[in-house]
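Student: Coordinates only, no sequence provided:
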DNA sequence: GTTAGAATGAGAATGGTTCTCATTCCCGCA
DNA sequence: TGCGGGAATGAGAACCATTCTCATTCTAAC
């Protein structure tokens, strides 16, 4: 994984909004890059071994989201999870454990992906709705919860 | 829409859990049946013109969820929306407005639905994950927010 | 009708998230 | 190398959706 390229991309995204790529923000990005799926604030705090205060973490998440570096995800009740934006880590989908709430990334076959994209496009051309993105969320039970 | 059949189904689901199908719960089910997509507690309160107190509404939602009558949905930050369970209103997907958070139901073509189902099944047979359900969420802007 | 379990209503409590404010940091410029 | 100002930080209070508590009321079954 080309961490340095990721860092350069993120730094540029932040700079274009007059924001700095500080230690705390680097830590958040690194943790998200290392994770296999979106993480909640609590999970991030855990991954970072609570090296930054809650309020700073939430603020960093906000800044990174507005800079387009990370994207929020709402698959489970009450918590928002974040992951690197698509332009940084590519398009993918999610496996969501209905028991423990864990979320993992998963890729789907190109043929199906193309079919979904076609559908989304056709909705854009017919309905009173302009699609910008789509997400296939697969719910079930993860290995730990079986 | 055969409201009486819906009521009968819901009543039976509740009775099998020694719960009653009371006026407040009927109102919630009716509001959800009339809606074109999942509703949050606040939206329900609005639809019901605040005829039942918040605590009762949340309790009703809990009871109905545990009885399998309604299902929660988490597409937008901070709020949980509910809709009638699939066995009551059929399988469908969602259009989510990233601006105002509104969620509308949408059907997808059977061919694509079949392809998605196949994919989900294949994940079930290979990965350390047992799928129980799937949801295709299409994000974008609704007519009001364009 | 009585009674026990279920439901209700009001308000307090909870938990994730956001806000406030005083302080500290860091980049650009002298 | 020091200054100034906008950006970032840390601690804690505040916020808001949701859940809990508890006393009261309803309702179905005997």
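Tutor: Done, it's in. These figures come from a predicted structure and were not determined experimentally. Numbers count the residues shown, from 1 in each chain, chains lettered A, B, ... in the order given.
Student: these two touch, right, residue A:14 and residue A:66?
Tutor: No - here residue A:14 does not reach residue A:66: they are 9.8 Å apart, not a contact under CB atoms under 8 Å. Bear in mind the C-beta positions are built from the backbone N, C-alpha and C, glycine included.
Student: Looking only at neighbour counts, state which of the two leads.
Tutor: Between residue A:14 and residue A:66, counting by other CB atoms under 10 Å in any protein chain shown, residue A:14 is the more crowded of the two (21 against 13).
Student: Quick one: residues contacting that one.
Tutor: Residue A:14 is in contact with A:20, A:21, A:25, A:63, A:64, A:67, A:69, counting by CB atoms under 8 Å, 6 or more residues apart in numbering or on different chains.
Student: are any of those residues buried, and which?
Tutor: Among the contacts of residue A:14, the ones that count as buried by 16 or more other CB atoms under 10 Å in any protein chain shown are A:21, A:25, A:63, A:64, A:67, A:69.
Student: burial measure for the residue nearest to residue A:129 when sequence neighbours are not counted, as a count.
Tutor: In space, and not counting its chain neighbours, residue A:129 is closest to residue B:95: 5.0 Å by CB to CB, 6 or more residues apart in numbering or on different chains. Other residues within reach of residue B:95, judged by other CB under 10 Å, total 24.
Student: Same check on the one 4 residues further on?
Tutor: As a burial measure, residue B:99 scores 12 neighbours (other CB under 10 Å).
Student: got a list of what the closest residue to it other than its chain neighbours touches?
Tutor: Spatial nearest neighbour of residue B:99, chain neighbours left out: residue B:145 (3.7 Å); criterion: CB to CB, 6+ apart. Contact criterion CB under 8 Å, 6+ apart gives B:97, B:99, B:100 as the residues in contact with residue B:145.
Student: which of the residues you listed lies closest to chain A?
Tutor: residue B:97 (7.8 Å; CB to the nearest CB).
Student: so who does the closest residue to that closest one other than its chain neighbours touch?
Tutor: Spatial nearest neighbour of residue B:97, chain neighbours left out: residue B:142 (3.9 Å); criterion: CB to CB, 6+ apart. When contacts are counted by CB under 8 Å, 6+ apart, residue B:142 touches A:128, A:129, B:95, B:97, B:99, B:100, B:102, B:104.
Student: Now tabulate these in a markdown table and tack on distance to residue B:48, pLDDT and secondary structure.
Tutor: Written out in a markdown table, the entries for these read as follows (distance: CB to CB, whole Å; pLDDT from 0 to 100; DSSP: H, G, I helix; E, B strand; the rest coil):
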| residue | distance to residue B:48 | pLDDT | secondary structure |
| --- | --- | --- | --- |
| A:128 | 26 | 88 | coil |
| A:129 | 27 | 93 | strand |
| B:95 | 24 | 95 | strand |
| B:97 | 23 | 94 | strand |
| B:99 | 25 | 86 | coil |
| B:100 | 21 | 89 | coil |
| B:102 | 18 | 89 | coil |
| B:104 | 20 | 93 | strand |
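Student: Of those - the most surrounded one?
Tutor: Compared across the contacts of residue B:142, residue B:95 has the highest neighbour count, 24 neighbours, by other CB under 10 Å.
Student: Okay, strands next: where are they in chain A?
Tutor: Shown for chain A, the strands assigned by DSSP state E span residues A:39-40, A:70-73, A:81-84, A:93-97, A:103-106, A:129-142.
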